[in-house]
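Undergrad: Sharing a model prediction with you, sequence too.
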Amino acid sequence: MKIVRVIYTTKQDYAGQNQQNIKNVMSDLQKLNHRDLHYHVCLSPDGKTFTHTAFFKSAEDEKHLLELPSFKHFQEQLKAGGLEVPPKQELLSLVGSSKEIFS
């Protein structure tokens, strides 16, 4: 299992577009319904700091996200001018979960 957390802050005027791009990614992921990929994005109270957390059962599962056209578009637009604070990526280890992540 691989768990990745990415935190960054967008420019205030880009936060709405970033949310829409994320919603497009989530819509595509929901259509794929890939059971070994869990992806969540949360927004901080400041309205512009985003926390992405992804759970992948395998490296192959991670490719499903990274190769998704809507995810590539999201990344391209963010890098093109939406950032105030650059992304910080962390690899995490699961200690416990209230529900089975991968069944």
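TA: Structure's in. What do you need?
Undergrad: shaky segments in the chain?
TA: Counting by pLDDT under 70, the chain shows no low-confidence range.
Undergrad: Would you map the helices across it?
TA: Taking DSSP state H, the helices of the chain run over residues 15-32, 59-66, 69-79.
Undergrad: for the shortest one, packing partners?
TA: When you say that, I think you mean helix 59-66. Contacts defined by 3 or more CB pairs under 8 Å, 6 or more residues apart in numbering; DSSP states H and E place helix 59-66 against strand 37-43, strand 49-56. All C-beta spots, glycine's among them, are computed from the backbone N, C-alpha and C.
Undergrad: before we move on, what about the last one?
TA: Secondary structure elements in contact with helix 69-79, counted by 3+ CB pairs under 8 Å, 6+ apart, are helix 15-32.
Undergrad: which other residues reach the helix it packs on?
TA: For helix 15-32, contacts defined as CB atoms under 8 Å, 6 or more residues apart in numbering pick out 10, 37, 39, 41, 43, 47-48, 50, 64-65, 68-71, 73-74, 77-78, 82.
Undergrad: Quick one: buried ones out of the residues you listed?
TA: Neighbour-count burial within the contacts of helix 15-32 applies to 10, 37, 39, 41, 48, 50, 64-65, 68, 70-71, 74, 78, 82; the criterion is 16 or more other CB atoms under 10 Å.
Undergrad: thinking again about what came up before, distance to Val4 added to the helices of the chain, as TSV?
TA: Below are these laid out as TSV (distance: least, CB to CB, whole Å):
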stretch	distance to Val4
helix 15-32	15
helix 59-66	8
helix 69-79	13
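Undergrad: Tell me which of these approaches Met1 most closely.
TA: Closest to Met1 of those is helix 59-66 (CB to CB; 9.4 Å).
Undergrad: Output the closest one as CSV - backbone C-alpha positions only.
TA: C-alpha atoms of helix 59-66 as CSV (Å, rounded to 0.1, in the frame of the first residue of the first chain):
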residue,chain,number,x,y,z
ALA,A,59,2.0,1.1,-8.0
GLU,A,60,-0.3,0.0,-10.9
ASP,A,61,-3.3,1.5,-9.1
GLU,A,62,-1.4,4.8,-8.8
LYS,A,63,-1.0,4.9,-12.6
HIS,A,64,-4.8,5.0,-12.9
LEU,A,65,-4.8,8.4,-11.3
LEU,A,66,-1.6,9.8,-12.8
